[in-house]
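J.: Model the structure of this input:
(chains A and B)
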Amino acid sequence: MSAEVKKIATRDSYGDALVELGHEREDFLVLDADLADATKTGKFKKAFPDRFYDCGIAEQNLINIACGIASTGKRVFASTFAMFAAGRAYEQIRNGAGYPHLNVIVAATHAGISVGEDGATHQCNEDIALMRTIPGLTIIAPADDTQARQAVRAAMEIEGPVYLRFSRMASPVLFGSSDEFTVGKAQTLKQGTDVTIITMGILVDEALKAYELLKAEGINARIINMHTIKPIDREAIIKAARETGAIVTAEEHSIVGGLGGAVSEVVCEEYPVPVLKMGVNDCFGYSASADYLIDAFHLRAADIAKKAKEAIALKK
Amino acid sequence: MDENLKKQLQRCAYKIRMDIIESIHAAGSGHTGGSLSAAEILAYLYFKEMNIDPENPEMENRDRFVLSKGHAAPVLYATLAERGFFPKEELLKLRRPDSFLQGHPDKKHTPGVDISSGSLGQGVSAACGMALSSKHFKLGANVYALLGDGELEEGEVWEAAMFAGNKNLSNLTLFIDYNGLQIDGPIKEVNSAEPIDEKFRAFNFHVISINGNDIEEIDKAVTEAHSIDKPVAIVCHTVKGKGVSFMENQASWHGKAPNDEQYAAAMEELRAAYDKI
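T.: From the prediction side, this is the model:
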């Protein structure tokens, strides 16, 4: 783990990674839907203007254009906000990319409540739930800059459609380039045995801080970064259930059908223990700063630590 | 157009029609009307126009065909089988669990199917993506798509049209199967996209209107399309249920299979028409 405290939004990492890849290979295209400045595909557009195509404000078409390109054997990134990719174009991803299992990479930015001031219409807290229902689709929500770059690279090698989830807000850089990232393999960041906190994305940083808070109280938590939500690392979940006996999930997403749902499904079937879900509690967000909303939705380290103790109390 | 070739393609269209009826009758369900209306268009594309190789269905520089109106799968399957992409016996397994011939086209498992389709409006966008990729990566592929007239009610069609016009996808040709009927009735009564020609023109397409059941007119239109440096929409006036008199212009035959008696009558009529060519 690196000691850096630098903050970078994973959407920026995505844009940078595209440019790096663009220098290395020419067999892929990048598409956007009039949000290139915000999704950071604009960085690629600037570096490689003739390999970037803007589809305009037409996200359904965006996804199926990507499908058509992928069907010709080329790789393609299609970007817009999570709300308009997973939400508006759900069926295009399902039928267009999922059913024929095409190598389409949907790179969605502005996921979750940390979108902030734009408010509920643009805060997509449902994308993982929606994407998770599509057979054969890989879902990755990287935790920081390093991991976001690794995920972009890894996505280029995955057979079948991929959904990458990036954030608008800057978050601490947690990993160095030597930290391993393998699609489908959870990262156990702390090997505790009293309780397990499973999280992803920008909340990994909060979970690591929660670890310290718990440690100060003599509680040794296991911290798992579940960067790949699908296919989910069942083994890591089962092991956590067996070895720690209680699980808390924390996600910047609805508690319905997201990471918490995915973890619960595995735990219920394989090794039932209490699973407490933290996230957006089946409600819409609203306009406020990202930091305000993370406080308001109780997704800070202190909240996670408190929930972890509740989970421990439920242990049989 | 060469008279022999014309007759050959006309006969081919009727062979395709017979196979459509055979397969839908065997399946006991399927979309009859809109399959029959498009037989000449597919016969022309697959037996005259497209650079394809049934022995090498994934050939990189092949021309692409997108059945955006995916419910007309039987006409595509009959055409692909006739062209040698898979054995004709497969047609009698349409919609069965032991066949790759799904109710709507499945790219992953069906030789010759360039994209899965069936959810209306999506195929035309995918065709634009193929055309863009072909241009960008210099694949040399022309892309053809067949859309239903009812399908034009999908907003995504116009997103795609805007894109094709804006990017000047001159290697893209859309055929509109303008048979005037959709499931709930005449398109004019349901929610018509008319005037179709003017709409595509407004989206910067070159538009050609033809009788889509006439091989010679299709030939002329496709030849004209190749000479134009723009995406082209060929508005094909067709007859839904074409070739089977009791199915012609009947919205009720949109998604219905013939019973044994209707099957026999349809086959007899199509056979007679075939023999007459």
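J.: Can you name the residue of chain A nearest chain B?
T.: Chain A approaches chain B most closely through A:Gly68 (2.1 Å), counting by C-beta to the nearest C-beta. Where C-beta positions appear, they are placed from N, C-alpha and C, glycine not excepted.
J.: can you pull the contacts of that residue?
T.: B:115, B:125-133 (C-beta atoms under 8 Å, 6 or more residues apart in numbering or on different chains).
J.: Now do the contacts for the closest residue to it other than its chain neighbours.
T.: Nearest residue to A:Gly68, sequence neighbours excluded (C-beta to C-beta, 6 or more residues apart in numbering or on different chains): B:Gly129, at 2.1 Å. Contacts for B:Gly129 (C-beta under 8 Å, 6+ apart) come out as A:64-72.
J.: again, only this time at 10 Å
T.: Applying C-beta atoms under 10 Å, 6 or more residues apart in numbering or on different chains to B:Gly129 gives the contacts A:29, A:31, A:53, A:55, A:61-72, A:74, A:76, A:78, A:96, A:102, A:104, B:66, B:115, B:143, B:160, B:163, B:169.
J.: Quick check: what element follows the strand or helix carrying it along the chain?
T.: Secondary structure from DSSP states H and E places B:Gly129 in helix B:122-136. Sequence-wise, the next helix or strand downstream of helix B:122-136 (DSSP H and E) is strand B:143-148.
J.: do that following strand and chain A meet at all?
T.: Yes: using C-beta under 10 Å from any C-beta of the partner chain, strand B:143-148 reaches chain A at B:143, B:145.
J.: ok, residue 88 - how many residues close by?
T.: Went with chain A since none was named. For A:Arg88, the neighbour count with other C-beta atoms under 10 Å in any protein chain shown is 18.
J.: To clarify, I was referring to chain B.
T.: 15.
J.: Apart from its neighbours in sequence, what residue is nearest it?
T.: Using C-beta to C-beta, 6+ apart, the nearest residue to B:Lys88 is B:Ala81, at 4.6 Å.
J.: Okay, B:Glu82 and chain A: tell me how far apart.
T.: The gap separating B:Glu82 from chain A is 23 Å, by C-beta to the nearest C-beta, to the nearest Å.
J.: Contacts only, for that residue.
T.: B:12, B:15-16, B:19, B:42-43, B:46-47, B:88, B:91.
J.: quick one: secondary structure of it?
T.: Using DSSP: H, G, I helix; E, B strand; the rest coil, the structure places B:Glu82 in helix.
J.: what pLDDT does it get?
T.: Note for B:Glu82: predicted pLDDT of 98.
J.: got it, and A:Ala3?
T.: Per the predicted model, pLDDT is 52 at A:Ala3.
J.: for B:Ile176, phi and psi?
T.: phi -100, psi 120 (degrees, to the nearest 10).
J.: For it, list each beta-bridge partner.
T.: B:Leu147, B:Val235 (DSSP bridges).
J.: Distance-wise, check it relative to B:Gly241.
T.: Using C-beta to C-beta, to the nearest Å, we find B:Ile176 at a distance of 17 Å from B:Gly241.
J.: Of those two, give the one with the bigger neighbour count.
T.: The residue with more neighbours, out of B:Ile176 and B:Gly241, is B:Ile176; 29 against 25, by other C-beta under 10 Å.
J.: where along the chain do the strands fall?
T.: This is for chain A. A:7-8, A:28-32, A:52-54, A:75-81, A:104-109, A:138-140, A:162-165, A:171-172, A:187-191, A:195-199, A:221-225, A:228-230, A:247-254, A:275-280 (DSSP state E).
J.: not quite, I wanted chain B
T.: B:64-67, B:143-148, B:172-178, B:181-182, B:185-186, B:206-211, B:232-237.
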